[in-house]
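[1] give the three-dimensional model of this entry:
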Amino acid sequence: MTSLPDLESWFSTDRVAPYRDTCNGDGDQAAALYAWNAELSAAMWHTLGHVEVLVRNALHRELSTWSRHRYGTDRWYLKIARLISDNTRLDINTARRRATRNGRAETAGRVVAELNLGFWRYVLARRYDGTLWRYCMFRAFPGKRRADVERAVANLHVLRNRIGHHEPIHNRPIGELLTLALRVASWTNLAAGDWIAAGDTARELLAKRP
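    Have a look, this model is predicted:
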């Protein structure tokens, strides 16, 4: 069995210290918690990835439909410049550069694939309640309030960033956040939400916390 000193030598004492503290100095327990946290992070990353793509595609679909009807193009991200913040415009410009690397032609699909969950979190903000949400985005989440969708996606975004930065999640309410992730998926598409839930392994891991 891998020991806590092994983990400290491989990954640094500072990184492992929170696990030791959580386990009141019990090295074996801390090592087991570290390994379990890594497994749980991988499982949650898998589920969050599906939810992120589902949310992204649902919003892209509605924005594209609106843009085609109003402007005759599915490149909605070119038509909302006057509505969005400087940071959101920067995110779009960065996504366009990445989408056209190596001489690739720009398409709406390629650009949208480069927009991360943080982008979608912020276009769901209250400042867009009377514009983007009212114009079309509400259709991505039938019957749901914008504030509820924004709050849910914001919580998932924070968790996703913690996992992406390899930070501990054992001290977060993962059971509640997993339920929230699956709920957001079902808001967008019930069948897709069921499929994501069926493939999730995080719930099982939660029951095996050391």
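[2] state the distance from the closest residue to Gln29 other than its chain neighbours to Ala32.
    The spatial neighbour of Gln29 that comes closest, neighbours along the chain excluded (CB to CB, 6 or more residues apart in numbering), is Cys23 at 4.0 Å. Where C-beta positions appear, they are placed from N, C-alpha and C, glycine not excepted. Taking CB to CB, to the nearest Å as the measure, Cys23 falls 8 Å from Ala32.
[3] so in the chain, which helix runs the longest?
    helix 27-71 (DSSP state H).
[4] tell me the SS of the spatially closest residue to Leu159 that is not a sequence neighbour?
    Leaving aside its sequence neighbours, Leu159 sits nearest to Leu177 (CB to CB, 6+ apart; 5.4 Å). Three-state call for Leu177 (DSSP: H, G, I helix; E, B strand; the rest coil): helix.
[5] check contacts around the residue nearest to Ala31 when sequence neighbours are not counted.
    Closest residue to Ala31 apart from its sequence neighbours, by CB to CB, 6+ apart: Leu4 at 4.6 Å. Leu4 sits next to Val16, Tyr19, Arg20, Gly27, Asp28, Ala30, Ala31, Tyr34 when contact means CB atoms under 8 Å, 6 or more residues apart in numbering.
[6] do Gly27 as well
    Counted by CB under 8 Å, 6+ apart, Gly27 has contacts Ser3, Leu4, Pro5, Arg20.
[7] just among these, which is most surrounded?
    Among the contacts of Gly27, Leu4 has the most neighbours (other CB atoms under 10 Å), with 22 neighbours.
[8] and Arg126, how many neighbours does it have?
    10.
[9] ok, the one 3 residues further on next?
    A count of neighbours around Asp129, defined by other CB under 10 Å, yields 16.
[10] hmm, Arg145 and it touching each other?
    No - contact between Asp129 and Arg145 fails when scored by CB atoms under 8 Å: they sit 9.8 Å apart.
[11] the lowest-mean-pLDDT helix or strand in the chain to helix 27-71, inter-axis angle?
    In the chain, no helix or strand scores lower on mean pLDDT, DSSP states H and E than helix 4-11, which sits at a mean of 90. Helix 4-11 and helix 27-71 are oriented at 40 degrees to each other (axes from the mean of the first three to the mean of the last three CA atoms, to 10 degrees).
[12] give the buried residues for helix 4-11.
    For helix 4-11, a neighbour-count test (16 or more other CB atoms under 10 Å) marks Leu4, Leu7, Glu8 as buried.
[13] try stretch 55-72
    In stretch 55-72, counting by 16+ other CB under 10 Å, buried: Val55, Arg56, Asn57, Ala58, Leu59, His60, Arg61, Glu62, Leu63, Ser64, Trp66, Ser67.
[14] please apply the same query to stretch 157-169.
    Quick answer for stretch 157-169 (16+ other CB under 10 Å): His157, Leu159, Arg160, Ile163, Pro168, Ile169.
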